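Chemist: Below are the sequence and a predicted model for it; my questions follow.
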Amino acid sequence: MVDLGDKRKLVHFLISSCELLNKCKNEDEKVAVSNYIANLYYSIESVLNIKFIEKKKNNNIFGNRRNYRKITKKLDCYYYNMLDSFFQFKSFSKDYFQQILVEVENDLQSVNDGIYYTFSNLSKDDFFDIFYQFMRFIHLDKLLDYYWNNNLIYSVFYSNNQNDLGYTLFNPINKESSIYITDFSYSIHSLFVLAHEFGHIYDFSSLDQNITIFNQYYYQSFSDETYSILFERLLFRYMLNNNIHVEECRDNYLSMLLNRHDLLLRAYILSLLDNNYYLNDNYLSLSRSELANIVKDHFVTESDITDFIIHTYAFDLRSEYTYAFGDILSIFLKNQYDDLVYDFNMKRANLDIQKYLVDNRLGPTEYIKYYKDELKLIKK
Ligand SMILES: [Zn+2]
C-alpha cells in the first residue's frame with residue numbers, strides 16, 4: 001500500500017495525467033478521461049489537505065472553455081438518457097422501496113438496540129493476512145496481487161472529509177483502476193472499505209472496456225454499487241464463518257446497514273417527486289422544508305420524516321439510486337451465487353435492473369427474507 005503523502009509529487013502526477021486528454025481518439029473517450037482526471041483531483045483534494053483553485057483545475061483538465069462546453073454537453077446528454085430510464089422504472093422502484101422500508105424498519109431498529117462500538121487496531125500483518133485470505137476465498141487473490149505489486153492502492157491516515165472513505169478510479173486509457181482510501185488504519189473498518197473498493201475493481205475489470213459501454217454503464221446505470229456492496233456482504237460472512245473479530249465486525253456491519261437503510265429511504269423519497277422536478281434539475285433547488293412538505297403525506301409520522309429530511313445531507317438522484325439498487329441486487333447475488341461471484345456476469349444497463357428482478361422473480365418479499373437472515377447474524 002502506497003502512502004499518499006508527498007504533495008509535490010502528487011501535484012506533478014495530476015498535471016501529467018492531464019496529458020492523457022491529448023491521446024483521446026474521440027469525444028466519448030474525452031468525456032471518460034476528463035471525468036477520470038476530475039475525480040483524481042477530487043479524491044486527492046479530499047484525502048489530502050489541499051484545495052485546488054476551481055478555475056485552475058478546470059484549465060488543467062479541459063484546456064479551454066470550448067472543450068469544457070463540448071464535454072459538459074456530452075455529459076448532459078448522458079444525464080438525460082439516465083433520466084429517461086429512471087422515469088421508466090420509477091414507479092416500479094417506488095413500490096419496491098416502500099415495501100422493503102415498511103417491512104424491515106422494526107427488525108433493524110431492534111438489532112440496533114444497545115450497540116456499542118469497539119475499535120481495536122489490528123497489526124499490519126494481521127490486517128493484510130485477513131484481507132489476502134478473504135480475497136483467496138472469493139478466488140480473487142490474483143487480482144489483489146496485481147494491484148498490490150503494481151502499487152495501485154493508496155492510503156492516507158487522515159482526511160478532510162468525513163463522508164468519504166474510499167474511491168476507485170478507472171483510467172480509461174490504460175484500463176487500470178486505482179484505489180484511494182482516506183482515514184486509513186489497520187482496523188476492521190478499513191478492511192470493509194478495502195473490500196468495498198475491490199468490488200469496484202472487480203466490476204471495472206470484468207466490464208467490457210469499450211469506452212462507449214463504459215460511459216453507458218458509468219453515467220447511465222444505477223447498478224455500479226452492486227459489486228462493491230456485495231463484497232462488503234461477502235467479507236462480513238467470511239469474518240463470521242472464520243470467527244475473526246466477530247463482535248467488532250458485527251458493530252461495523254450494523255453501522256453500514258444503518259447507512260444503507262438511510263440511503264434507501266432517501267431513494268424512496270426521491271421516487272415520490274413528480275417527473276417535472278427532475279427536468280432541469282429542479283429537485284436540487286428545492287429547500288429541505290419544501291421537499292419535506294411535498295412528500296410528508298406518504299409517511300405515517302410526518303414529524304419523523306420532516307426531521308430526517310432536514311437533518312440529512314444533500315439529496316442526489318444518482319448516488320441514492322446506485323446505493324439503493326446496489327444493496328438490493330447484491331443481497332440476491334450473495335444468496336444465489338455465494339462463492340461463485342467471480343463467475344457472475346450481470347448485464348450492466350440501467351433498464352436491466354427491473355428486467356433482472358422481474359425475470360428472476362426477485363421481489364421485495366425475497367429481499368426482506370434475505371435481509372432478515374442477515375440481521376440474525378448481527379444480533380448478539
Ligand atoms: Zn462505492
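Modeler: Nice, thanks for sending it over.
Chemist: Please count neighbours and contacts with C-alpha atoms only from this point.
Modeler: Fine.
Chemist: Quickly note the distance from residue 231 to residue 43.
Modeler: From residue 231 across to residue 43, the span is 22 Å (C-alpha to C-alpha, to the nearest Å).
Chemist: how many neighbours does residue 65 have?
Modeler: By other C-alpha atoms under 10 Å, 11 other residues sit near residue 65.
Chemist: Starting from residue 74, give me the distance back to it.
Modeler: Residue 65 sits at a distance of 14 Å from residue 74 (criterion: C-alpha to C-alpha).
Chemist: go on, residue 108?
Modeler: For residue 108, the distance to residue 74 - C-alpha to C-alpha - is 42 Å.
Chemist: The two: who's more crowded?
Modeler: Under the neighbour definition other C-alpha under 10 Å, residue 108 and residue 74 were set side by side, and residue 108 has more, 20 against 14.
Chemist: Give me the contact list for the host helix or strand of residue 334.
Modeler: Following DSSP states H and E, one finds residue 334 within helix 317-337. Outside helix 317-337, the residues that touch it by C-alpha atoms under 8 Å, 6 or more residues apart in numbering are 221-230, 233-234, 260, 263-264, 266-267, 270, 341, 344, 362, 367, 370-371.
Chemist: what angle sits between whatever helix or strand comes next after it and helix 317-337?
Modeler: As assigned by DSSP H and E, the chain's next helix or strand after helix 317-337 is helix 352-359. Relative orientation of helix 352-359 versus helix 317-337 (axes from the mean of the first three to the mean of the last three C-alpha atoms, to 10 degrees): 40 degrees.
Chemist: Now helix 352-359 - C-alpha only, PDB.
Modeler: Output of helix 352-359 as PDB, limited to C-alpha atoms (Å, rounded to 0.1, in the frame of the first residue of the first chain):
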ATOM      1  CA  ASP A 352     -32.000  -4.200 -16.900                       C
ATOM      2  CA  ILE A 353     -32.300  -3.800 -13.200                       C
ATOM      3  CA  GLN A 354     -36.100  -4.000 -13.400                       C
ATOM      4  CA  LYS A 355     -35.900  -6.700 -16.000                       C
ATOM      5  CA  TYR A 356     -33.400  -8.700 -14.000                       C
ATOM      6  CA  LEU A 357     -35.500  -8.500 -10.800                       C
ATOM      7  CA  VAL A 358     -38.800  -9.300 -12.600                       C
ATOM      8  CA  ASP A 359     -37.400 -12.100 -14.800                       C
END
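Chemist: on contacts alone, who are the packing partners of whichever helix or strand comes after it?
Modeler: Going down the chain from helix 352-359, the next helix or strand is helix 364-378, by DSSP H and E. For helix 364-378, the elements it packs on are helix 65-112, helix 246-271, helix 317-337, judged by 3 or more C-alpha pairs under 8 Å, 6 or more residues apart in numbering; DSSP states H and E.
Chemist: can these go into a markdown table with extra columns for distance to residue 38 and mean pLDDT?
Modeler: What follows is the helices and strands packed on helix 364-378, written out as a markdown table (distance: least, C-alpha to C-alpha, whole Å; pLDDT from 0 to 100):
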| stretch | distance to residue 38 | mean pLDDT |
| --- | --- | --- |
| helix 65-112 | 12 | 91 |
| helix 246-271 | 25 | 93 |
| helix 317-337 | 17 | 91 |
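Chemist: Which of those sits closest to residue 31?
Modeler: Residue 31 lies closest to helix 65-112 among the helices and strands packed on helix 364-378, at 5.8 Å (C-alpha to C-alpha).
Chemist: now what about the following helix or strand past the closest one, what contacts it?
Modeler: Toward the C-terminal end, the helix or strand that comes next after helix 65-112 (DSSP H and E) is helix 124-137. With contact meaning C-alpha under 8 Å, 6+ apart, helix 124-137 is reached by 141, 144, 186-187, 191, 235, 238, 339.
Chemist: Could I get the buried residue list for helix 124-137?
Modeler: Buried residues in helix 124-137, defined by neighbour count with 16 or more other C-alpha atoms under 10 Å: 127, 130-132, 134-135.
Chemist: Show me how far it is from its chain's centre.
Modeler: With C-alpha atoms, centre = their mean, to the nearest Å as the basis, helix 124-137 stands 22 Å off its chain's centre.
Chemist: CA atoms of it as PDB?
Modeler: Taking C-alpha atoms only, helix 124-137 is exported to PDB below (Å, rounded to 0.1, in the frame of the first residue of the first chain):
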ATOM      1  CA  LYS A 124      -0.200  -4.600   9.900                       C
ATOM      2  CA  ASP A 125       0.500  -8.300   9.200                       C
ATOM      3  CA  ASP A 126      -2.900  -9.400  10.600                       C
ATOM      4  CA  PHE A 127      -4.700  -6.800   8.500                       C
ATOM      5  CA  PHE A 128      -3.100  -7.900   5.200                       C
ATOM      6  CA  ASP A 129      -3.300 -11.600   6.100                       C
ATOM      7  CA  ILE A 130      -7.100 -11.400   6.700                       C
ATOM      8  CA  PHE A 131      -7.600  -9.500   3.500                       C
ATOM      9  CA  TYR A 132      -5.500 -11.800   1.500                       C
ATOM     10  CA  GLN A 133      -7.300 -14.900   2.800                       C
ATOM     11  CA  PHE A 134     -10.600 -13.200   2.100                       C
ATOM     12  CA  MET A 135      -9.600 -12.500  -1.500                       C
ATOM     13  CA  ARG A 136      -8.400 -16.100  -1.800                       C
ATOM     14  CA  PHE A 137     -11.800 -17.300  -0.500                       C
END
